[in-house]
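A.B. asks: Mind looking at a prediction? Sequence and model below.
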Amino acid sequence: MGDINIVEGTFEVDGVSLHTKSWLPSGPPKAKLVVVHGFSDHIDRYYDLFPSLARRGIAVLGFDQRGWGRSVRRPSDRGRSGPTATVLADLAAFIRERAFASSSADRNDSDNDDVPVFLLGHSMGGGEVLALASTPAYDDIVARIRGWILEAPFLGFAPAVQPRRLTVLSGRLAARVAPHFPLVRPVPPEHLCRDPAVQASLAADPLLHYTGTLEGLAGMIDRAEGLASGKLRLRPGVRAVFLAHGTADMVTSYERVREWWESQGRKVEDAKFKSYEGWAHQLHADPGKEEFYQDVGDWILQRAGGGGGDDGGDGGRRPEAKL
C-alpha cells in the first residue's frame with residue numbers, strides 16, 4: 001500500500017472545459033481505470049474507492065461530465081449534458097486522450113501505452129458505458145478496453161421512483177421543442193445510501209443540483225430502454241464484464257439489470273455478476289463499502305496480470321448464486 005498522487009486539471013472537448021481529477025500510484029501503474037459518474041454526481045463523491053485502487057497500483061482517471069460537478073461554470077450549465085451523441089463523444093475523447101495516450105496532466109513519468117485500460121460506470125454512467133460498448137462507431141475503443149465494470153447501471157427506474165409512461169412520452173415530445181428546458185429531479189438521500197452520515201453529506205453538497213434538461217433526461221431514458229430491450233447490444237470486442245448491484249437499490253431497477261445480464265451480459269467470454277444483498281444504490285458509499293473496493297481492485301488486477309485475490313468462486317463466467 002504505497003503513497004498516491006492526486007492531480008486536478010481540465011479537459012477541453014468541443015470548446016467546453018471539463019474538470020478532471022486523477023488518483024495515481026507513486027510507481028508504474030499496473031492498470032488504468034477511467035470512471036464515469038452518475039446523475040447529479042461528481043468524481044469527488046466516491047469516498048475511498050479511487051484512493052484505495054491507486055494504492056494498489058491502479059491509476060484512476062475521472063472527469064465531471066458536461067453539466068455536472070465542477071464542470072458547471074454558471075447556473076445555465078446545470079444538467080446540459082447534450083444528447084447521447086455528445087455524451088458518448090465526450091467520453092470517447094477523454095478515453096483516447098487520457099487513457100490511451102500519455103498525458104502530462106494525468107500521468108506519472110513511468111506511464112506507458114501498454115498499461116491495460118478498464119472502464120467503470122456508475123448508475124447513469126453505467127448506462128453510458130454500456131451505450132459506448134454497444135455503438136459500432138466506437139469499436140476501436142471497445143477493442144482496447146480490457147474490462148468493463150458496471151456499478152448499479154441505469155437500465156430502468158426502480159419501482160419506487162418509476163415515472164408514469166405518459167410523463168415519459170410527454171417529456172420526449174417536449175424535448176424536441178425545448179431541449180434545454182431545465183427540470184429538477186431530486187433523489188432522496190435515503191434512496192442512495194443507508195449510511196446516515198453519507199445521507200447528510202448528500203443533502204449538504206452544493207454541487208448536487210439534481211437538474212437535468214429535457215434533452216439530457218430523454219437521452220438517459222432512451223439509452224436505458226435501448227439496452228434493456230436489446231436494441232443496443234454489446235459489440236463483439238467486449239471481452240470482460242463485472243456487474244455489481246445492490247438488491248435493495250431504490251434508484252435503478254435490479255430486475256431490469258438482471259434481465260439484461262441474462263440476455264447479454266453473461267454471454268461475454270469473461271463475465272461476473274455480484275449481488276450485494278440488502279445494499280443500496282451507491283455501493284461505493286454504503287456500509288461495508290470496503291468489500292466493493294476489494295472486489296473491484298481484485299477483478300482489475302487479475303485481468304491486468306497482477307494477481308488480486310479470490311475471484312469469488314464463479315470461475316469468471318457464471319453469475320453469482322444470488323442472481
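C.D. replies: Received the coordinates, thanks. Computed from a predicted structure; not experimentally measured. Numbering: from 1, shown residues only.
A.B. asks: Can you pull out the low-pLDDT segments for the protein?
C.D. replies: 1-2, 102-113, 161-174, 306-323 (pLDDT under 70).
A.B. asks: Distance of the residue nearest to the spatial centre of it relative to A178?
C.D. replies: Closest to where the C-alpha atoms of the chain average out (CA atoms, centre = their mean) is G121, at 1.4 Å. Remark: distance between G121 and A178 (CB to CB, to the nearest Å) = 28 Å. (Glycine included, C-beta is placed from N, CA and C.)
A.B. asks: and if you look at Y276?
C.D. replies: 39 Å.
A.B. asks: same question, F273
C.D. replies: Taking CB to CB, one finds F273 at 40 Å from A178.
A.B. asks: ok, the two, which is more surrounded?
C.D. replies: Set side by side, F273 and A178 show more neighbours around F273, with 22 against 11, by other CB atoms under 10 Å.
A.B. asks: doesn't Y254 make contact with that one?
C.D. replies: No: counting by CB atoms under 8 Å, F273 stays clear of Y254, with 11.1 Å between them.
A.B. asks: anything in contact with each of the two?
C.D. replies: H245 (CB atoms under 8 Å, 6 or more residues apart in numbering).
A.B. asks: For the stretch 51-200 of the chain, which segments are assigned as strands?
C.D. replies: For the stretch 51-200 of the chain, the strands defined by DSSP state E, counting those that start in this stretch cover 58-63, 117-122, 145-151, 182-184.
A.B. asks: Quick one: closest of those to A228.
C.D. replies: Among those, strand 145-151 comes nearest to A228, with 13.3 Å by CB to CB.
A.B. asks: Next, the angle strand 117-122 makes with that closest one.
C.D. replies: 10 degrees (axes from the mean of the first three to the mean of the last three CA atoms, to 10 degrees).
A.B. asks: chain center to strand 145-151, what's the gap?
C.D. replies: Relative to the centre of its chain, strand 145-151 is centred 9 Å away, using CA atoms, centre = their mean, to the nearest Å.
A.B. asks: Equivalent analysis for stretch 204-211, please.
C.D. replies: Stretch 204-211 sits 18 Å away from the centroid of its parent chain (CA atoms, centre = their mean).
A.B. asks: what does stretch 81-99 give?
C.D. replies: Distance, centroid of stretch 81-99 to centroid of chain: 13 Å (CA atoms, centre = their mean).
A.B. asks: can you list the residues that contact that stretch?
C.D. replies: Under CB under 8 Å, 6+ apart, the answer for stretch 81-99 is 11, 13-14, 18, 20, 22, 32, 34, 36, 61, 63, 65-68, 103, 105-106, 117, 119, 128-129, 131-132, 135, 138, 141, 145, 179, 212-213, 215-216, 219, 222-223.
A.B. asks: switch to 7 Å and redo it
C.D. replies: With CB atoms under 7 Å, 6 or more residues apart in numbering as the test, stretch 81-99 has contacts from 11, 13, 32, 34, 36, 61, 63, 65-67, 103, 106, 117, 128, 131-132, 135, 138, 141, 215-216, 219, 222-223.
A.B. asks: Okay, now it: how far is its last residue from its first?
C.D. replies: 22 Å (CA to CA, to the nearest Å).
A.B. asks: Which positions in that stretch come out as buried?
C.D. replies: For stretch 81-99, the neighbour count (16 or more other CB atoms under 10 Å) marks 81-84, 86-92, 94-95, 97-99 as buried.
A.B. asks: next one: stretch 200-208
C.D. replies: Going by neighbour count (16+ other CB under 10 Å), the buried part of stretch 200-208 is 201-202, 205, 208.
A.B. asks: Filter the residues you listed down to just the ones in strands.
C.D. replies: If you go by DSSP state E, the buried residues of stretch 200-208 have nothing in strands.
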